[in-house]
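Trainee: Okay, here's the prediction I keep looking at, along with the sequence it came from:
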Amino acid sequence: RRNRFRAWHRDVEQYRLPPSVAETTGQQYVPFGEAVLELADACIGAEACEELFTLDAPHVRYALDGVDILGNGSGSHTQLRKLDLRIDLIRSAAKRGG
């Protein structure tokens, strides 16, 4: 297992957009960091692949906070045939979250 991964610092920062994007969108800044999207009828969160393997995984907090849909872009560029482990981890996370 790789140990290079560090969890995000769990804050949302205001990221200044490049001038060309700011001119097109009409906004100067965009929120960047760990956050969820609250829509009219659902709440959506996402975590990075490696966060599924951590003890303090974001999906636990998200489930406790009422997130309805959670995405995890699982993929590994260093290990093949990891699908069964990923499926087991996702099942386990879903059971904990309800």
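Mentor: Structure's in. What do you need?
Trainee: Tell me how far Cys43 lies from Val21.
Mentor: Separation of Cys43 from Val21 (C-beta to C-beta, to the nearest Å) stands at 27 Å. C-betas here are computed from N, CA, C, even on glycine.
Trainee: Tell me which of the two has more neighbours.
Mentor: Between Cys43 and Val21, counted using other C-beta atoms under 10 Å, the more crowded position is Cys43 (15 against 12).
Trainee: now the helices for this protein?
Mentor: All helices of the chain, identified by DSSP state H, fall at 19-25, 58-64, 83-97.
Trainee: With mean pLDDT and distance to Asp11 as extra columns, can I get those helices in a markdown table?
Mentor: Below are these laid out as a markdown table (pLDDT from 0 to 100; distance: least, C-beta to C-beta, whole Å):
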| stretch | mean pLDDT | distance to Asp11 |
| --- | --- | --- |
| helix 19-25 | 95 | 22 |
| helix 58-64 | 85 | 13 |
| helix 83-97 | 78 | 23 |
